[in-house]
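Q: next comes the sequence, and after it the predicted model I'd like to discuss.
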Amino acid sequence: MPSSVVQTERYLVLDLGHVFTRAFLFDVVDGRYQCVSIGTALSTWEAPVNDVRESVLAAVEALEALTGLRLLQEGEILTPVQVTGEGVDSVHLLVSAGPPMRIALIGILENLSLRSALRAVEPYPVEPVLRFHVNDGLSDVERVEQLLNAAPDVILFTGGTDEGARQALLGFLQVLEMAAPLFPQEDRPLVLYAGNRMVAHRVQQHLQAAYEVYVADNVRPSLERENLVGVRRALQEIYKEHLVRRLPGLEGLLNVVRTFEPVPLAWHRMVRLMSAYHHLSGYLGLHLGSGLSMVARGRDALQGRIRPFARGVGHGLSKVLPQVDVEQLKGWVASFEGSEEALLYKAVYPEVLPETETDAWWERGLAYQVGKQVLEQGLGRGDRRWWRRRGLPPVYRALFLGGGVWSTLNHPEALLLTALDLLQPLGTVTLFVDGSHLLAPLGLLAKVNPFVPVQMLRSPHLLPLATVVVPWGSPMRGRNPILRVRLSWGRNQHLSVSVLPGELRVLPLPPGYRGELVVEPLGAYDVGAGRGRTLKQTVLGGWKGVVIDARGRPVVYPEDPESHWQARARWLDVLKREEV
Amino acid sequence: MPVLYRPARQAFALVRTRLRRTLRRPGRVLVQLGQRVAPKDVIARRPRTYRLEILSVTEALRVPPEKAAQYVVCRLGQPVAQGDVLAERPGLFKRKLVAPIDGRVLHIGAGYIVLQRLTAQEQVLAGLEGVVEELLAPYGAVVSGQGLFVQGVWGNGRLDVGTAVILPQIFPYGALSAPLLTPELRGSVLIAEQVADAEALHQAREIALKGLVVAALPASLLPVALEMPYPVLLVEGFGSTTFSSSTIQVLEQLHQRDVVVAAEPPRRDIGLWPWLFSMHETFDAVQPTRTGGALETETLVRVVWGPYQGRLGRVMEIEEFPRVLPSGAMGYVVKLQIDDQLVEVPANNVEIVD
């Protein structure tokens, strides 16, 4: 495996999404790794083609057309790089398309092994369909019935420390034995055992005649220690097998692929890397895809979590449709008759793209609602409590947005306003938008050759959309300024403004620049340095510079759709104006 | 030119269609290759829910587990009624184990008999009159048939057969209202452009209509349609969309013909849309249906989203590379001839009509 830039390789990363299949070409240009180009094709995992290879081929052909570089030979990806310079050295695969893996979780204690089991499966696109523990109050027969009714793809069987409980485990073993002959032969789940290792051999012996059994290290080797490495390694393989059964053509594709990873893991790795690189401890990431969405959050690069959800603004819309507030959605567009009907069309045709600006606003309105649902589920317990109490997400210093709905790059103000209203940040926050869909491919390559993502950290694709300053803690009232802001950058460039309550201001700080920001609260406001304290901070420039959002929190729009739209249009105009 | 695959949804006057009739999860396939099937024949089935009764042969007969099997008199998979003998030990101290419920023997072994209570079944019906052309065990089969075939957008999940009736007041233009639904229409499948209100849907239930085929329904009527016991099929979409001219031409031919209305929810994974079918085996040169294909110049398409939604157009050009649309989204663009206009539409937003 290469670990030095001296040993340069040309990488092809394939990303199989619900709507699009993308092929990313990474190579060394001018002494640094860069994303040379991106080939895009419509995904073909569904009818009429039902073969993922077709869209891969089309995406690579598009890449060939864009770069003029031959990457295919007789319908196969040309590896390694030929003496003529054609081809790629290795192919890497990301997948977000396909249905989630249904998983049943078994643990002895709800707060111990079952909790570890839940954490183990957390980064994978899985749908926990069942949970058993010794205090669930169910009889064995009821458990067997529930197992059969839930029809899981996988049973994750945990419980007991390595020297601990055995009897309860054997009780669950009996349940699995009873259930085995009752599952239809073709619908029998596989079993991943990650409990007390003293019982592992016995579990395997008893179950292997009926089930396909995997054994991994105990998720709770002792009461104090949690070990998720082994079980996640096994889950990755199992998830790959799950996709092979559900995505025709994937098995053949895997033959040419060197590394495979589900999108959430790769996307999260890059989010962590970027927040660490920019010294932004405390990050929140929201990825809204067509069929898969995810929430990433963490205090620093080492401690973070990601939770994917099989819902989204396209293929996953049917799961969130009952919770969509159509009246509120109407407030996102100037004149969108038939908003309810539009939702139904979108559920039937999940792959459609917004064509006009009106369509785009409607889709952003939908993303706002789906995003809120996903965020609430993806945040941790403490964060959720905070949100419910204040009506706001907790404080983070870096916000990352990803997914197709955020890739409308020629409307940065619209993106920014949607992001501000959805995430309602507090304090001083840097906002990144993954409009080129590069984070997941770079996250995957970080495992293969860390030089690739590191050398691309200053690429224009990865620069912030804006740094946002949001005073909070006291109501925004009165006619007097609440903040004095001074921003200096470059050679003697500086700007001082006073901010009134309810204002939204944009200060220029070009992408790639760093600026010195001094924000002095003129009252008991917190701008990230503590209540009433002046903030002095080096901030990153972005496509929309530095934005001061003194609209108050939470931002509330009028309920009447027309007034709602007018308020939004007003803010949009403000965001288009830059201070000079 | 890029290869852009799009689904197809169409109306055919005469066609040979092949339909994948499959469960989403494995079950039992109940038909055989080459078998002739009627629209309401069950192709495959699986229990919707499992309710189990676990009976100990060992305890009931007072025999050791290893000897229990020799006293079992029922077979695996056998349906049993309450009181049927499942296991019996003859002799002076004769003992019996009887079924406490109506059900099916799901498992015999290790000294136990497991009965599965008879509960609701998830099943897939043939959906047309035809022949089983391919078995897709354990999920279902491919059924093929010849006739008139119209694919819709949405269905309320029901399937039925009846005689198609076209009333000139409501086809091709007009809204179905309750007063039009007279008892003489009992057992028929009505084709209308629109539905006036919820009362019309309720009245259709009162007169035991066998199906309702409309161009579109407003979103507000969908919850009512979902409650109806008869199939409701939307051919063109939602809101106030009207029938396209090509669909009208096919539907006109259905008057007084026996039809199947399979108002199933669409399944994009296998390219299945809800449909209306009328068997017609006495014609030659049948054209097969397809679930979609690659866009080419001259392909006839329907726009399904955006300003031209519902309009038919012919592909005149497919752009080589994706580009940024006025919305800011990135996608492949096709140029369509719609009436006299040449318009640009994202390739994602069209479906093939042929």
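A: All right, it came through fine.
Q: mind checking how far A:F172 is from A:V134?
A: 9 Å (C-beta to C-beta, to the nearest Å). (C-beta placed from N, C-alpha, C; glycine too.)
Q: comparing those two, which residue is more hemmed in?
A: More neighbours surround A:F172 than the other of A:F172 and A:V134, with 23 against 20 (other C-beta atoms under 10 Å in any protein chain shown).
Q: got a list of what the nearest residue to that one once chain neighbours are set aside touches?
A: Once flanking residues are discounted, A:F172 sits nearest to A:I106: 5.2 Å by C-beta to C-beta, 6 or more residues apart in numbering or on different chains. Taking C-beta atoms under 8 Å, 6 or more residues apart in numbering or on different chains as the criterion, A:I106 is in contact with A:L114, A:A117, A:R131, A:F132, A:H133, A:I155, A:L156, A:F157, A:T158, A:G159, A:F172.
Q: so for A:I106, what's the pLDDT?
A: The model reports A:I106 with a pLDDT of 97.
Q: which residue packs closest to A:G331, ignoring adjacent ones?
A: A:H564 (2.9 Å).
Q: shouldn't the one you found be within a helix?
A: Yes - A:H564 forms part of a helix when assessed by DSSP: H, G, I helix; E, B strand; the rest coil.
Q: residues near it, how many?
A: What A:H564 shows, counting by other C-beta under 10 Å, is a neighbour count of 19.
Q: and which of the contacts of A:I106 is nearest to B:A347?
A: Nearest to B:A347 out of those is A:L156 (C-beta to C-beta; 41.1 Å).
Q: pLDDT value on that closest one, please?
A: So A:L156 comes in at 98 (pLDDT).
Q: that one reaches A:R102, doesn't it?
A: No - counting by C-beta atoms under 8 Å, A:L156 stays clear of A:R102, with 11.3 Å between them.
Q: any idea how chain B splits into domains?
A: Per automatic domain parsing, the domain ranges recorded for chain B read B:9-45+B:143-279, B:52-117, B:295-352.
Q: strands along the stretch 301-450 of chain A, start to end?
A: Applying DSSP state E, counting those that start in this stretch to the stretch 301-450 of chain A gives strands spanning A:304-309, A:398-402, A:427-433.
Q: just name the most buried of the ones you listed.
A: Of all those, strand A:398-402 has the most neighbours on average by mean count of other C-beta atoms under 10 Å in any protein chain shown, namely a mean of 26.
Q: check whether that one contacts chain B.
A: No - using C-beta under 8 Å from any C-beta of the partner chain, strand A:398-402 never reaches chain B; the gap is at least 14.1 Å.
Q: what packs against that strand?
A: helix A:263-277, strand A:283-288, helix A:412-423, strand A:427-433, helix A:439-448 (3 or more C-beta pairs under 8 Å, 6 or more residues apart in numbering or on different chains; DSSP states H and E).
Q: in JSON lines, list those along with distance to B:R6.
A: Shown next, in JSON lines, are the helices and strands packed on strand A:398-402 (distance: least, C-beta to C-beta, whole Å):
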{"stretch": "helix A:263-277", "distance to B:R6": "25"}
{"stretch": "strand A:283-288", "distance to B:R6": "24"}
{"stretch": "helix A:412-423", "distance to B:R6": "28"}
{"stretch": "strand A:427-433", "distance to B:R6": "29"}
{"stretch": "helix A:439-448", "distance to B:R6": "26"}
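Q: among the ones you listed, which is the most enclosed?
A: Most buried among these, counting by mean count of other C-beta under 10 Å: strand A:283-288, with a mean of 28.
Q: elements contacting that one?
A: helix A:263-277, strand A:293-298, helix A:357-378, strand A:398-402, helix A:412-423.
Q: out of these, nearest to A:A342?
A: Of all the helices and strands packed on strand A:283-288, helix A:357-378 comes closest under C-beta to C-beta, at 6.4 Å.
Q: now do that closest one against strand A:304-309, angle only.
A: 120 degrees (axes from the mean of the first three to the mean of the last three C-alpha atoms, to 10 degrees).
Q: surely B:Q78 and B:R104 touch.
A: Yes - using C-beta under 8 Å, B:Q78 is in contact with B:R104, at 7.0 Å.
Q: who's more crowded, these two?
A: Between B:Q78 and B:R104, counted using other C-beta under 10 Å, B:R104 has the larger neighbour count: 16 against 13.
Q: including distance to A:Q369 and mean pLDDT, could the helices and strands packed on strand A:398-402 go into a markdown table?
A: Output for the helices and strands packed on strand A:398-402, formatted as a markdown table (distance: least, C-beta to C-beta, whole Å; pLDDT from 0 to 100):
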| stretch | distance to A:Q369 | mean pLDDT |
| --- | --- | --- |
| helix A:263-277 | 22 | 96 |
| strand A:283-288 | 11 | 96 |
| helix A:412-423 | 9 | 93 |
| strand A:427-433 | 19 | 95 |
| helix A:439-448 | 24 | 97 |
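Q: can you say which of these is nearest to A:Y214?
A: Here helix A:263-277 is closest among these (C-beta to C-beta), at 18.8 Å.
Q: contact partners for residue 266?
A: This is for chain A. A:L94, A:L439, A:A440, A:P441, A:L442, A:G443, A:L444, A:A446.
Q: nope, chain B
A: A:V348, B:V153, B:W154, B:G155, B:L272, B:W273, B:P274.
Q: circling back to that earlier point, quick one: closest of the domains of chain B to A:E122.
A: Nearest to A:E122, of those and by C-beta to C-beta, is domain B:9-45+B:143-279 at 25.2 Å.
Q: can you read off the pLDDT for the most centrally placed residue in chain B?
A: When C-alpha atoms, centre = their mean is applied to chain B, the residue found nearest the centroid is B:E264 (3.6 Å). On the pLDDT scale, B:E264 is placed at 93.
Q: ok so, going back, which residues do B:Q78 and B:R104 both contact?
A: By C-beta under 8 Å, 6+ apart, no residue touches both B:Q78 and B:R104.
Q: A:G39 belongs to a strand, doesn't it?
A: Yes - according to three-state DSSP, A:G39 belongs to a strand.
Q: what's the spacing between it and B:V261?
A: From A:G39 to B:V261 the distance is 43 Å (C-beta to C-beta).
Q: please identify which of those two sits among more neighbours.
A: B:V261 (31 against 26).
Q: show me where the stretch 201-350 of chain A has helices.
A: A:229-246, A:250-254, A:263-277, A:326-330, A:339-348 (DSSP state H, counting those that start in this stretch).
Q: okay, those, which one's buried deepest?
A: That would be helix A:263-277, which, of the helices of the stretch 201-350 of chain A, has the most neighbours on average (mean count of other C-beta under 10 Å), namely a mean of 24.
Q: quick check: angle from that helix to helix A:229-246?
A: Using the same axes, to 10 degrees, helix A:263-277 lies at 130 degrees relative to helix A:229-246.
Q: okay, helix A:263-277 in CSV with CA atoms only?
A: The C-alpha trace of helix A:263-277 is given here as CSV (Å, rounded to 0.1, in the frame of the first residue of the first chain):
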residue,chain,number,x,y,z
VAL,A,263,-20.4,6.4,2.1
PRO,A,264,-21.1,7.3,5.7
LEU,A,265,-17.8,6.1,7.0
ALA,A,266,-15.8,7.8,4.3
TRP,A,267,-17.7,11.0,4.5
HIS,A,268,-17.3,11.2,8.2
ARG,A,269,-13.6,10.5,8.0
MET,A,270,-13.1,13.5,5.8
VAL,A,271,-15.4,15.7,7.9
ARG,A,272,-13.2,14.9,10.9
LEU,A,273,-10.0,15.5,9.0
MET,A,274,-11.2,18.9,7.8
SER,A,275,-12.4,20.1,11.2
ALA,A,276,-9.0,19.0,12.7
TYR,A,277,-7.1,20.7,9.9
